[in-house]
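Asks: return atomic coordinates for the entry below.
(chains A and B)
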Amino acid sequence: DQQVKQNSPSLSVQEGRISILNCDYTNSMFDYFLWYKKYPAEGPTFLISISSIKDKNEDGRFTVFLNKSAKHLSLHIVPSQPGDSAVYFCAASEKQGGSEKLVFGKGTKLTVNP
Amino acid sequence: DAGVTQSPTHLIKTRGQQVTLRCSPKSGHDTVSWYQQALGQGPQFIFQYYEEEERQRGNFPDRFSGHQFPNYSSELNVNALLLGDSALYLCASSSDDLSYEQYFGPGTRLTVT
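Replies: Here you go, the predicted model:
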């Protein structure tokens, strides 16, 4: 069973507009949530994280929102730029045995058109 | 400041063979995790090493084993390779006090024929 779900395989937006990527999860024990960006032939690049006790975290053009009651988080990118075109992975972390392991969604491919 | 490095970049092996992949963590990190990413999927957790011991393991068979060295670098070994082991293998490093914030290397693309 998939504990982290990204239901949109792809998203296309115009340069300068807002990109909103969504993620749902089922495990209420997750204590951190992260977003990664991945270009082809590269490893995932860490973008931003949020603790389960927060509802918003902002870093430059990237903002992550967490709705614990709905078990839903989203990543907002404003304004979107062509260089943001990549696959975005949502990940959740659960503490087990004194360490955190990440559980990933399947990713959403974002295309930002000039 | 070097990030996470992995070697080799690509590897082609035959069914039944054994393979060793290598990872050097980001400077200042002491924890190494390994993930397998199949085509069209998100990375799946294999195991994590800290203080040269396997601290946590995902749902992977014993054919997958690892090691961490005193300098924090790590190896992933896969025995008796199956066609289904073809994937991108990612290494991630973190510090023990922030183990959820993991930084990934570029990966090793393994093809089993």
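Asks: tell me the pLDDT of B:Asp1.
Replies: In the predicted model, B:Asp1 carries a pLDDT score of 63.
Asks: oh, that last question was meant for A:Ala41, not what I typed.
Replies: The model's pLDDT for A:Ala41 equals 81.
Asks: likewise for A:Gly105?
Replies: 96.
Asks: tell me what whatever helix or strand A:Ala92 lives in is packed against?
Replies: Taking DSSP states H and E as the criterion, A:Ala92 maps to strand A:86-96. Judged by 3 or more Cβ pairs under 8 Å, 6 or more residues apart in numbering or on different chains; DSSP states H and E, the packing partners of strand A:86-96 are strand A:4-5, strand A:19-25, strand A:32-38, strand A:72-77, strand A:99-104, strand A:108-113. All C-beta atoms are positioned from the backbone trio N, CA, C, and that covers glycine.
Asks: following the shortest one, which helix or strand comes up?
Replies: Proceeding N to C from strand A:4-5, the next assigned helix or strand is strand A:10-14, under DSSP H and E.
Asks: what packs against that following strand?
Replies: Other helices and strands packing on strand A:10-14, by 3+ Cβ pairs under 8 Å, 6+ apart, are strand A:19-25, strand A:108-113.
Asks: just checking: what are the partner strands of that strand?
Replies: Looking at strand A:10-14 with DSSP bridges, its partner strands are strand A:108-113 (parallel).
Asks: show me the contacts for A:Gly107.
Replies: A:Gln6, A:Pro9, A:Lys38, A:Val87, A:Tyr88, A:Phe89, B:Gly42 (Cβ atoms under 8 Å, 6 or more residues apart in numbering or on different chains).
Asks: who touches the strand holding A:Ala92?
Replies: So strand A:86-96 is contacted by A:3-4, A:6, A:21, A:23, A:25, A:27, A:29-39, A:44, A:47, A:73, A:75, A:100-105, A:107-110, B:42-43, B:56, B:100 (Cβ under 8 Å, 6+ apart).
Asks: export the helices and strands packed on strand A:10-14 to CSV and append columns for mean neighbour count.
Replies: Listed next are the helices and strands packed on strand A:10-14 as CSV, based on neighbours: other Cβ atoms under 10 Å in any protein chain shown:
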stretch, mean neighbour count
strand A:19-25, 21
strand A:108-113, 17
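Asks: is it possible to export those to CSV including distance to B:Gln48?
Replies: Below are the helices and strands packed on strand A:10-14 laid out as CSV (distance: least, Cβ to Cβ, whole Å):
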stretch, distance to B:Gln48
strand A:19-25, 20
strand A:108-113, 26
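Asks: so for B:Asn71, which of those strands sits nearest?
Replies: strand A:19-25 (35.7 Å; Cβ to Cβ).
Asks: follow-up on the earlier one: lowest average pLDDT across the helices and strands packed on strand A:86-96?
Replies: Across the helices and strands packed on strand A:86-96, the lowest-scoring stretch is strand A:99-104, with a mean of 89.
Asks: can you give the contact residues for it?
Replies: Against strand A:99-104 from outside (Cβ under 8 Å, 6+ apart): A:3-4, A:27, A:30-32, A:34, A:36, A:89-94, B:31, B:33, B:35, B:42-45, B:48, B:50, B:55-56, B:58, B:92, B:94, B:96, B:99-100, B:102.
Asks: write a ChimeraX command that selects only the buried members of those residues.
Replies: Entered in ChimeraX, the line below selects the buried ones among the contacts of strand A:99-104, by 16 or more other Cβ atoms under 10 Å in any protein chain shown:
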select /A:4,30,32,34,36,89,90,91,92,93,94 /B:31,33,35,42,43,44,45,48,50,55,56,58,92,94,99,100,102
